[in-house]
Structures are given as C-alpha cells and as structure tokens.
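Asker: no sequence on this one, just coordinates:
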RNA sequence: UCCGGCGUAGCUCAAUUGGCAGAGCGGGUGGCUGUUAACCACUAGGUUGUAGGUUCAAGUCCUACCGCCGGAGCCA
C-alpha cells in the first residue's frame, strides 16, 4: 500500500493510498460520511458510504472526533463536488487516538482564547498558510544575500551593553554580572563586514518596551546586512532590490496561500524598483500639506507614517532625518551636519516601518564625541571604536523586521499571527 | 506610564427603564446516501472577573481591585 501526502494526491489519481493525519471536520448525511482530513500538506475530503466500507470502518467514521489522529486508506478520485477537486474514497479508517473535547471548534473565537491555545491554533488552515509564507519570506531573504556574495555571520544573543541607549533591554544574570538580551546585531555585523566585506545576520531580537500595539512584539526576528565601502545611496538600492525580490518570490511560490488568506495580490504585483525616495524635509512637507500637526525636528509617529505612505503604492524610503532623533552610530550628512545619513522604509497599507538603516559613522573622533553626547559608557564601546582605529572605511547596512514584513505581505492587521509563538507584554505562554 | 474600551455557559454573544439569566456553536441521544463552518428534533450545561456598597429587587447603578484589548510614547 502506497503512502501519500495530500499536497500530491493528483499524482495518485485512481490509485489506492494511505494518508496519515488528523480529522479537521466531518459532516454526515445518514449512511454517507464526509471526513475532512488534514496532514500538514493540505486538506482532503474523505467519503465513506455504508455500502462500501466494513462495519467497523463505518462505525469509526461515526465515532471519530475533531483532531483525532488517524490513518485512512482509499482510492483517490477527481470530483468537482469535493473541495480541492479530489477526494478520497475511504476503504479503511483507523483511529490512532480518539480525541475528547478539542477546544477550538469550527466557529468563531476571540483572539485571547485563540492565543491561549496557540499550540493548537497553529493547526488551522489559515495559520498554516501564514507560517508557510513566513518560511518562504525567510528563505527568500537568505537566498537574496547568499546569491549576492554576502556571508552569514551569527551575532551573539547575550550582550554586555546597550547598542542604542534609548530602548529598554531585557536584563539577565550572567554568572553574577549583568548581561542583556540583544536588541540588534548591527555592531557585531560592522566588525564582521570589516573581515568579510558583505555580511548579514538573522536572529531573534528583544525589546523590553511596554508597547501594546498591533506592530510590536517583545521578541521578534530581524535580518541585518552590513556592507563595507557602501554609502547611503548603495544602502537604499540594496534595500529596494531586497524587498522587491522577497515580494516576487512570495507571488511565485506562495500564491495558493495568499489566495487562502484572501490577500489582494494586485497591490503586491506593483512592488517593483525603484521605490520612491523622500528626504525627511519632503516628508514633513507632505504632512503639512495634509494639515497634520507636526513639529519639525521630531521623529515620525505611527499615524504620521501611515499618512506619508498613503500617497504611494510602493514602499517609501525616507532618508536624512535630523541627527538628533537618531542613534549615535549614524553618520552625519557632510552637506548638512544636522542630518543623519539614515533611511527608514515604510511599507504601504499602513504597516509602517519595516526597515531602518543607514551609513555608519566611520571617523574615530566624531564617534567618540557622539558616544559621549548620548551619555553611553565609552569603556563598553572600545572594541567598536577599534573598527575606526584599524582601517576604517565607509560602510552601511539596515535591519528588516521579519514579522512586520510577513504582516504586510499577508495583509494581516496584527503582527501576533506572523510568528508561531508570539511574545508580547502580556503574553509569555504557551 | 498615560488615555480609552471590555470581562455573562467550554466558545461567540444577547438580556429593553434596575424586575423570572437566554441563543447559536461545541458535548450527548436520535434522524437523514453528495455534504461544503451541512441540516432537523430532543437534551445536559451558570458563584454574570473579585471584594464591598446603594435598593423591596443588581448582569445592569456606585467605589476599589484584578485580568485582558489597542492607541500614545518608543521602535523593526
């Protein structure tokens, strides 16, 4: 007897196969049962009529409950009445475990309840589609950099000090002294770029901010490239090529999942290079024109970002923010020292910032001054300053937030469904 | 931390002016040979978040607390 997965049943048409999986749902019409079976690769309808199966198998069809694990044997047949176009004409049904009272029923539930049962919620077809898209996005990220001469360099998770003084860090005891969970691998990537030229890291990032919004997680995944001998223009070019590549890959390889999520793919198909580029000053002008009350010199808030990106169908790159609102390692614009050579990429459709990056300060004396100005401990940054002591070069990079990217591409309003087990201010379980 | 909202059956929600706590789903029993979150009949299921207060009477009004939601700030 041949084993098969639901994703490739078309290949087995007319043949007898065995499927291993779980019961997704079932319906009956007296002496005829319809079993929706899922196996992780898809869902297929099994049909069992009393005339064609043994008494015990028909009894099993009656008894089997939602999410019971099972092994079912039958013939694959094309049938227009079946969801998916193929169905399994059941010959034998074996129940591996009969489930009692599966908590998630085929009706509506609130997100709090579903999040409490996240370990089971993952089995629902919508969550399966999101996780498959997430995996393809991550694979596209890796492929893009691997194919363009970048070297993957892993950054540490434990760090001795803040990369950016502003954000709150998760503190942990490290053999009696303080250590923090990383909030960015960037500083380490700068070191790696001086060793290997073009590098990137991909790993979890931790922010202890008490943010309770649909865009925030306390633990999220970030992809951070860093390139030696690259300036801000090169950085922006890299960012737009990168994002366009990811979107193309998802449209190519995950169209079924996008369809299942009812994602409007027409807006994704428009995401080609080049992306619109605005200076901070130009972006402020847009806000002023739309009558938004905004004080020049501040960073943009969430609603400001939405208003700016509303006017475009592609991601918008905003560059040269006031240096005062940006991190210490940003290089100042030599043509206007009050500005930083930085760029934020705002995704369309109100998702907000998915990339933040820029050109790094490469001058030793200037960097020392900036560390002092931001009141950061100079001692902790000696190794970082070494990169400017020994063969300093212009370099740039950025960080892409994976969950915000997934939420944009999937068209999800909240990032909590874009990661298997989200960590938020009020969510540490399951 | 601040602002706003919500806590009623396992789940999603009703309950008029303060006046007998209810429905759908899920569970159980029975029926139905092409169902599409199937349907039909019957059935079990409740300390209305917690503590106090007002009242003849509180799910409903008042006070405090707890929990959650998402917006601000901050950020990807």
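Answerer: Structure received. As the structure is a computational prediction, the values presented were derived from the model and not from experiment.

Asker: what's around the nearest residue to residue A:312 once chain neighbours are set aside, how many residues?
Answerer: Nearest residue to residue A:312 in three dimensions, chain neighbours excluded: residue A:276, at 5.3 Å (Cβ to Cβ, 6 or more residues apart in numbering). The C-beta positions use only the backbone N, C-alpha and C, and glycine is treated the same way. Applying other Cβ atoms under 10 Å, we find 15 other residues in the vicinity of residue A:276.

Asker: how close does residue A:276 sit to residue A:310?
Answerer: Remark: distance between residue A:276 and residue A:310 (Cβ to Cβ, to the nearest Å) = 12 Å.

Asker: picking up where we left off before, my read: the residue nearest to residue A:312 touches residue A:319, true?
Answerer: No - applying Cβ atoms under 8 Å as the test, residue A:276 and residue A:319 come out as separate, 11.2 Å apart.

Asker: before we move on, which element is the closest residue to RNA strand B within chain A in?
Answerer: Proximity of chain A to RNA strand B (Cβ to the nearest atom of the strand) peaks at residue A:30, 2.1 Å away. For residue A:30, there is no helix or strand it lies in under DSSP states H and E.

Asker: How about residue A:112?
Answerer: Residue A:112 belongs to helix A:111-116 when assigned by DSSP H and E.

Asker: tell me the average confidence for that helix?
Answerer: The average pLDDT within helix A:111-116 is 88.

Asker: and it, what does it pack onto?
Answerer: Judged by 3 or more Cβ pairs under 8 Å, 6 or more residues apart in numbering; DSSP states H and E, helix A:111-116 is in contact with no other helix or strand.

Asker: Just the buried positions in it, please.
Answerer: Buried residues in helix A:111-116, counted by 16 or more other Cβ atoms under 10 Å: A:114, A:115, A:116.

Asker: That one and RNA strand B, any residue contact?
Answerer: Yes - using Cβ under 7 Å from any atom of the strand, a contact is recorded between helix A:111-116 and RNA strand B, made by A:111, A:112, A:113, A:115.

Asker: how about the last one, what does it touch?
Answerer: Contact partners of residue A:115, counting by Cβ atoms under 8 Å, 6 or more residues apart in numbering, are A:121, A:416, A:422, A:427.

Asker: rerun that using 10 Å as the cut-off
Answerer: A:109, A:121, A:416, A:417, A:421, A:422, A:424, A:426, A:427, A:429, A:430 (Cβ atoms under 10 Å, 6 or more residues apart in numbering).

Asker: try the second one
Answerer: Going by Cβ under 10 Å, 6+ apart, residue A:112 touches A:426, A:427.

Asker: what do residue A:276 and residue A:310 both touch?
Answerer: In contact with both residue A:276 and residue A:310: residue A:316, using Cβ under 10 Å, 6+ apart.

Asker: returning to what we had before: would you reformat the buried residues of helix A:111-116 as a markdown table and include distance to residue A:185?
Answerer: As requested, these are exported to a markdown table (distance: Cβ to Cβ, whole Å):
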| residue | distance to residue A:185 |
| --- | --- |
| A:114 | 32 |
| A:115 | 28 |
| A:116 | 32 |
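
Asker: Looking at these, which one is closest to residue A:324?
Answerer: residue A:115 (38.7 Å; Cβ to Cβ).

Asker: Where do the strands of the stretch 201-350 of chain A begin and end?
Answerer: Taking DSSP state E, counting those that start in this stretch to define them, one finds strands in the stretch 201-350 of chain A at A:219-228, A:277-279, A:316-319, A:332-333, A:336-340, A:342-347.

Asker: Averaged pLDDT, the first one. What do you get?
Answerer: Spelled out, it's strand A:219-228. 96.

Asker: What strands flank that strand, and is each parallel or antiparallel?
Answerer: According to DSSP bridges, strand A:219-228 forms sheet pairs with strand A:198-206 (antiparallel), strand A:395-401 (antiparallel).

Asker: Now do the very next helix or strand once past the shortest one and strand A:342-347, the angle between them.
Answerer: Spelled out, that is strand A:395-401. Next helix or strand after strand A:395-401 toward the C-terminus (DSSP H and E): helix A:402-410. Interaxial angle of helix A:402-410 relative to strand A:342-347 (axes from the mean of the first three to the mean of the last three Cα atoms, to 10 degrees): 40 degrees.

Asker: now for helix A:402-410, which elements pack on it?
Answerer: Helices and strands touching helix A:402-410, by 3 or more Cβ pairs under 10 Å, 6 or more residues apart in numbering; DSSP states H and E, are helix A:125-147, strand A:198-206, strand A:219-228, helix A:232-253, helix A:255-260, helix A:265-269, strand A:342-347, strand A:352-359.

Asker: Make a markdown table out of the ones you listed and add mean neighbour count and distance to RNA strand B.
Answerer: Formatted as a markdown table, the helices and strands packed on helix A:402-410 follow (neighbours: other Cβ atoms under 10 Å; distance: least, Cβ to the nearest atom of the strand, whole Å):
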| stretch | mean neighbour count | distance to RNA strand B |
| --- | --- | --- |
| helix A:125-147 | 18 | 11 |
| strand A:198-206 | 21 | 7 |
| strand A:219-228 | 23 | 4 |
| helix A:232-253 | 19 | 10 |
| helix A:255-260 | 15 | 12 |
| helix A:265-269 | 13 | 19 |
| strand A:342-347 | 25 | 7 |
| strand A:352-359 | 23 | 3 |
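
Asker: Using TSV, please lay out those together with distance to residue A:176.
Answerer: Below are the helices and strands packed on helix A:402-410 laid out as TSV (distance: least, Cβ to Cβ, whole Å):
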stretch	distance to residue A:176
helix A:125-147	37
strand A:198-206	21
strand A:219-228	25
helix A:232-253	40
helix A:255-260	48
helix A:265-269	51
strand A:342-347	38
strand A:352-359	35
